[in-house]
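In: Curious how this folds, go ahead:
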Amino acid sequence: MLRVLCALLLLSGGCDACGGKPVARGADPDDEPIGALPVVAAPAVLEGVVRLAEGAALPSYAADQMFKKVLQQVDHAVLPDSCAPPKTTDRQPVQLTAEGLLAGMLVAASDFSRQPQRPPMLHEVIIEDCRLTPRLVVAMKGDQLRVRNGVDYPFMPAYGDTPVVRTLIRGQTYDTTLEKASVSPVLCGFTAPCGRADVVVMLHPVYVISDAQGKFRFENFPAGEEVKLSAWHPLFREVAIQVRVAPGETKRVELIATPLAAPPADPAPATPAPTR
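Out: Numbers count the residues shown, from 1 in each chain. This is a model prediction of the structure:
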């Protein structure tokens, strides 16, 4: 599997880390000598853009990759009348800006010396206008995924390769724990399609998704060491560069992404998933 590593620089410390001395019982704190302040390294900042390779076309999912295949699939299922008609962009989760940059790409670091963790988080995917939003979720192992129906129509979404689909009416949700590093979609089956949301589960939490302008920014990038930086999506090949950012430095980079020759097979992507 594609091993795209992400990490978050976590700063923590107790009294011992503050450089001071304990005050003896009954002593006046003002009589204590003033020690040197602790040296705190300034965070490293990495920002940049993801650009579509010259001459490449924006990739799309195939039509049959946009709904959950079940034993009793309804052929030619259509969207309810209350929803906007299907669009070409519904099958293009990564969008192209006027400057040739890519919005909706996963950008992550790997090959650094420390692998920090964080408490579990909740990630919500909502069915709006009969489409799943957001279309890319990046999470960490142990996080929760919640799917919510915001439409007056009984959709039947499912996550991953489970054969079970659940009926959700407006306002109803279902939660699932992301128990392993993987890449799996959320899809609707049996009745109407609801688009597609790809869920990438990492083993650590420093990752970003390129924004609507195709830009990204790490506020606390692993500092002072050679790090691999990758950009990836199930419809694209991994592109990676080596980068070093000193403490207190802000560095800017550009990644050039190339689409896969063909859409990845569903439910597993043709490109290996990031797992480390």
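
In: pull the CA atoms of stretch 169-179 into PDB?
Out: Written as PDB, here are the backbone C-alpha positions of stretch 169-179 (Å, rounded to 0.1, in the frame of the first residue of the first chain):
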ATOM      1  CA  ILE A 169     -34.200   9.600   6.800                       C
ATOM      2  CA  ARG A 170     -33.600  13.300   7.100                       C
ATOM      3  CA  GLY A 171     -31.600  14.100  10.300                       C
ATOM      4  CA  GLN A 172     -30.600  10.500  11.100                       C
ATOM      5  CA  THR A 173     -27.000   9.500  11.400                       C
ATOM      6  CA  TYR A 174     -24.800   6.400  11.800                       C
ATOM      7  CA  ASP A 175     -21.300   6.300  13.300                       C
ATOM      8  CA  THR A 176     -18.500   4.000  12.700                       C
ATOM      9  CA  THR A 177     -15.000   3.700  14.200                       C
ATOM     10  CA  LEU A 178     -12.100   4.000  11.800                       C
ATOM     11  CA  GLU A 179     -10.100   1.000  13.000                       C
END
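
In: got the contact list for it?
Out: Identification of contacts with stretch 169-179 by C-beta atoms under 8 Å, 6 or more residues apart in numbering yields 139-154, 157, 159, 166, 168, 199, 201. The way it works is simple: take the backbone N, C-alpha and C, and place the C-beta from them, glycine included.

In: Emit the PyMOL select command for whichever of those are buried.
Out: Buried residues within the contacts of stretch 169-179, by 16 or more other C-beta atoms under 10 Å, are selected in PyMOL with:
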select buried, resi 139+140+141+142+143+145+147+148+149+151+153+157+159+168+199+201
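
In: Take the contacts of stretch 169-179 and keep only those in strands.
Out: Counted as lying in strands by DSSP state E, out of the contacts of stretch 169-179, are 139, 140, 144, 145, 146, 147, 148, 149, 157, 159, 199, 201.

In: just the residues you listed now: which is nearest residue 64?
Out: residue 157 (17.0 Å; C-beta to C-beta).

In: Name whatever forms a beta bridge with that closest one.
Out: residue 188 (DSSP bridges).

In: Tell me the spacing between it and residue 207.
Out: Distance of residue 157 to residue 207, given as C-beta to C-beta, to the nearest Å: 24 Å.

In: where do the helices sit along the protein?
Out: Counting by DSSP state H, the chain has no helices at all.

In: I'd like to know how many residues surround the closest residue to residue 117 other than its chain neighbours.
Out: Distances taken as C-beta to C-beta, 6 or more residues apart in numbering put residue 204 closest to residue 117, at 6.4 Å, once the chain neighbours are dropped. The number of residues packed around residue 204, counting by other C-beta atoms under 10 Å, is 22.

In: backbone phi and psi for residue 204, please?
Out: When quoted as degrees, to the nearest 10, the phi and psi of residue 204 stand at phi -160, psi 170.

In: I figured it hits residue 115, correct?
Out: Yes - with contacts counted by C-beta atoms under 8 Å, residue 204 reaches residue 115, the gap being 5.0 Å.

In: Enumerate the positions of stretch 156-166 that are buried.
Out: Buried residues in stretch 156-166, counted by 16+ other C-beta under 10 Å: 156, 157, 158, 159, 160, 165.

In: Contact partners for residue 80?
Out: Shown in contact with residue 80 (C-beta under 8 Å, 6+ apart): 130, 151, 152, 153, 192.

In: For residue 80, see how far away the closest residue to the third one other than its chain neighbours is.
Out: In this case it means residue 152. Excluding the flanking residues, the one nearest residue 152 by C-beta to C-beta, 6+ apart is residue 170, at 5.1 Å. According to C-beta to C-beta, residue 170 and residue 80 sit 12 Å apart.

In: And residue 203, by the same measure?
Out: In this view, residue 203 and residue 80 are 39 Å apart by C-beta to C-beta.

In: Now for the nearest residue in space to residue 213 that is not next to it in sequence: which residues touch it?
Out: Among residues not flanking residue 213 along the chain, residue 97 sits closest, at 6.0 Å (C-beta to C-beta, 6+ apart). Counting by C-beta under 8 Å, 6+ apart, residue 97 touches 103, 212, 213, 214.
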